[in-house]
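Asks: Here's my sequence, what's the structure:
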Amino acid sequence: MTDLEPETPDLLDLEVGNVANGGFCVARYEGRVVFVRHALPGERVRARVTDRTRNFLRADAVEILEASPDRVPAPCPFAGPGRCGGCDWQHASLPAQRRLKAAVVEEQLQRVAGITRGVTVEEVPSPPAEIDRGPGLGWRTRVQFTAVDGVIGLRRHRSHDIEPVDECLIAHPGVELMGIERKRWPGASSVEGIVSATTGDRLVSLKGRRNARVPRLDVPVRLVRKGPPRKPGPGGAPAQVPYVREEVSGRLFQVSGSGFWQVHPGAAQLLADAVLDALDPKPGEIAVDLYCGVGLFAALLAERVGSDGLVVGVESDAQAVRDAKFNLRDLPQAAVERGQVEEVLPDLEFGRADGSDRTQSKRGGGHHRGARVRGADVVVLDPPRAGAGREVVDQIARLADRKIAYVSCDPATLARDLSYFSERGWTLETLRAFDAFPMTQHVECLAVLVKG
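Replies: This is a model prediction of the structure:
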């Protein structure tokens, strides 16, 4: 905390303005910007200051003096100022939440990338569940809880403190059926509950002391203890990590341990369909899938380009690469390279020639499968929240020929990278936004670029 003028009070009466990226609304106090949580645009609130810097304040709205018509009672008893930090917008109606997210995407595109575009945040439909918790609830199929002295909770906003909970309303019913929050976990530091909404597979990932005890859960689950690498299996092969199976477009995907998969039960299918529709891959084409995870997009692209085409996936996580190779085992036209994208891409791409003989086998050294391409007709990337960055964007801009599909969970880094693509001659053709994280500030976007 940085010292400020002593006359700055702890409680402020504020007129709340527009929404800001990060689950805040913007207000001002004596010319200083105040980022206010638990408020809505247009409200008058009494806010308690939670953090001070020389340039701005952070605050929680603890009393609503004039409420927005979009305000609703928070369904979760653990939501609110000073409580669980997992949800940002439980006090807003679902249509209002989507308008807020759309406003954030529009603002980031305009301010960072100079792109003026209207955005509509689309609902992500969920498959039927055994228990319907209500609109915007019961969707999160992967929930990581924190354990302190055996008690399960969720972290408070911008804090290492936990809010003990006995139920998480945005958790998928399959996670709640395990009873994780209602048990004691001596020696554990975190417990992640994972369920597949498509196959019903369940998994618990435990991190903590070696002697951390696992309670008897309410339903059978597979258990992963996170820690030092597991001992190799027979013949030195990597030890098998318990996994869940996920189904998309009639294909099963193995996802081991806490590996990445979309947490909303409808998001993987929706994004897969959206990417394929946008890229329209054709038989015989070359596609590159960056940050490919367990191979979701790579597999579906490989089916489209057929045996005369080629798909190369790039992923840095060793377990994800093993899963991807297993998931792509029936698709000889698909290869997976392990490594950081910025390190693998220069080795994949060495300049497009005349369009003929665009692939070459590389033996010995470098990466596992050794695929090399002179260029790619289409590229899809789904980077982590930090985005791709200038170096990777420059490499993709050289590699791609027809279209690029950029899947992003952060509007700020997406807008930054779109500005980099613009410098390299690529133009935003379409942008879709999806409400894959209801009750939170997060939004999933798909940007499709063409050469401008």
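Asks: hang on, Gly42 packs against Asn18?
Replies: No - applying Cβ atoms under 8 Å as the test, Gly42 and Asn18 come out as separate, 9.4 Å apart. Any C-beta I mention is one placed from the backbone N, CA and C, and that applies to glycine too.
Asks: Would you map the strands across the stretch 101-250 of the chain?
Replies: 121-123, 142-148, 151-155, 162-164, 188-195, 202-208, 222-226, 243-248 (DSSP state E, counting those that start in this stretch).
Asks: Tell me which of those strands sits most buried.
Replies: Highest mean neighbour count of those: strand 188-195, a mean of 23 (counted as mean count of other Cβ atoms under 10 Å).
Asks: Quick check: chain neighbours aside, which residue is closest to His172?
Replies: Closest residue to His172 apart from its sequence neighbours, by Cβ to Cβ, 6 or more residues apart in numbering: Thr141 at 4.6 Å.
Asks: Contacts only, for the one you found.
Replies: His172, Gly174, Val175, Ile194, Val195, Ser196, Ala197, Trp261, Val263, His264, Pro265 (Cβ atoms under 8 Å, 6 or more residues apart in numbering).
Asks: Report the contact partners of the first one.
Replies: Yep, that's His172 we're talking about. By Cβ under 8 Å, 6+ apart, the contact list for His172 reads Ala129, Gly138, Trp139, Arg140, Thr141, Val143, Val195, Ala197, Pro265.
Asks: Now do it, the pLDDT please.
Replies: You'll see His172 listed with a pLDDT of 96.
Asks: What does it show for phi and psi?
Replies: phi -60, psi 140 (degrees, to the nearest 10).
Asks: How about the last one?
Replies: With angles defined as degrees, to the nearest 10, Pro265 sits at phi -60, psi -20.
Asks: need the contact list for it.
Replies: Ser126, Pro127, Ala129, Trp139, Thr141, His172, Ala197, Thr198.
Asks: Please pick the buried ones from those.
Replies: Among these, those classed as buried by 16 or more other Cβ atoms under 10 Å are Ser126, Trp139, Thr141, His172, Ala197, Thr198.
Asks: what about Phe297, helix or strand, and which?
Replies: helix 296-305 (DSSP states H and E).
Asks: and whatever helix or strand comes next after that helix, which strands flank it?
Replies: Using DSSP H and E, the helix or strand that follows helix 296-305 in sequence is strand 310-315. According to DSSP bridges, strand 310-315 has the following sheet partners: strand 286-290 (parallel), strand 334-338 (parallel).
Asks: In this structure, what helix or strand scores lowest on average pLDDT?
Replies: strand 359-361 (a mean of 40; mean pLDDT, DSSP states H and E).
Asks: any idea how far the residue lying closest to Ala102 once chain neighbours are set aside is from Leu290?
Replies: Ranked by Cβ to Cβ, 6+ apart and with sequence neighbours excluded, the top spatial neighbour of Ala102 is Val119, at 4.4 Å. According to Cβ to Cβ, to the nearest Å, Val119 and Leu290 sit 24 Å apart.
Asks: ok, back up a step: Serialize the contacts of Thr141 to a markdown table and add fields for distance to His442.
Replies: Listed next are the contacts of Thr141 as a markdown table, based on distance: Cβ to Cβ, whole Å:
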| residue | distance to His442 |
| --- | --- |
| His172 | 16 |
| Gly174 | 21 |
| Val175 | 18 |
| Ile194 | 19 |
| Val195 | 20 |
| Ser196 | 21 |
| Ala197 | 19 |
| Trp261 | 15 |
| Val263 | 10 |
| His264 | 10 |
| Pro265 | 16 |
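Asks: Please identify which of these is nearest to Leu310.
Replies: Nearest to Leu310, judged by Cβ to Cβ, of these is Trp261 at 25.0 Å.
Asks: And for the nearest residue to the closest one once chain neighbours are set aside, the neighbour number?
Replies: Closest residue to Trp261 apart from its sequence neighbours, by Cβ to Cβ, 6+ apart: Val255 at 4.9 Å. Using other Cβ atoms under 10 Å, the number of residues around Val255 comes to 25.
Asks: ditto for Thr120
Replies: 11.
Asks: Compile the contacts of Pro265 into a markdown table and extend it with columns for distance to Gly86.
Replies: Below are these laid out as a markdown table (distance: Cβ to Cβ, whole Å):
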| residue | distance to Gly86 |
| --- | --- |
| Ser126 | 18 |
| Pro127 | 23 |
| Ala129 | 20 |
| Trp139 | 13 |
| Thr141 | 14 |
| His172 | 14 |
| Ala197 | 19 |
| Thr198 | 24 |
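Asks: Greatest separation within those residues: which pair is it?
Replies: Within those, Trp139 and Thr198 form the most distant pair, 13.6 Å apart (Cβ to Cβ).
Asks: Would you map out the domains in this protein?
Replies: 11-85, 142-229, 266-451 (automatic domain parsing).
Asks: Out of the ones you listed, which one sits most buried?
Replies: Most buried of the domains of the chain by mean neighbour count (mean count of other Cβ under 10 Å) is domain 266-451; its value is a mean of 20.
Asks: Ends of that one, what's the gap?
Replies: Using Cα to Cα, to the nearest Å, the end-to-end distance of domain 266-451 comes out at 31 Å.
Asks: same check, this time on stretch 438-452
Replies: Stretch 438-452 has an end-to-end distance of 34 Å (Cα to Cα).
Asks: what do you get for stretch 10-20?
Replies: Where stretch 10-20 begins and where it ends lie 22 Å apart, using Cα to Cα.
Asks: circling back: how distant is the helix holding Phe297 from the center of its chain?
Replies: Centre-to-centre, helix 296-305 and its host chain are 21 Å apart (Cα atoms, centre = their mean, to the nearest Å).
Asks: relative orientation of it and strand 243-248 in degrees?
Replies: 40 degrees (axes from the mean of the first three to the mean of the last three Cα atoms, to 10 degrees).
Asks: all helices for the stretch 301-450 of the chain, in order.
Replies: For the stretch 301-450 of the chain, the helices defined by DSSP state H, counting those that start in this stretch cover 318-327, 341-348, 390-399, 411-423.
Asks: between those, which gets nearest to Val380?
Replies: So among the helices of the stretch 301-450 of the chain, helix 390-399 is nearest, using Cβ to Cβ, at 10.1 Å.
Asks: Determine the set of other helices and strands touching the closest one.
Replies: strand 286-290, helix 341-348, strand 376-381, helix 411-423 (3 or more Cβ pairs under 8 Å, 6 or more residues apart in numbering; DSSP states H and E).
Asks: quick one: average confidence on that helix?
Replies: On average, helix 390-399 scores 97.
Asks: For it, what is the distance to the chain centroid?
Replies: Here helix 390-399 shows a centroid-to-chain-centroid distance of 22 Å under the convention Cα atoms, centre = their mean.
Asks: ditto for stretch 318-336
Replies: Offset of stretch 318-336 from its chain centre (Cα atoms, centre = their mean): 21 Å.
Asks: Use 43 as the first number from now on
Replies: Sounds good: first residue 43 from here, last item stretch 360-378.
Asks: Endpoints of it, how far apart?
Replies: Stretch 360-378 has its terminal residues 11 Å apart, counting by Cα to Cα.
Asks: and stretch 112-130, how far from the chain's centre?
Replies: 21 Å.
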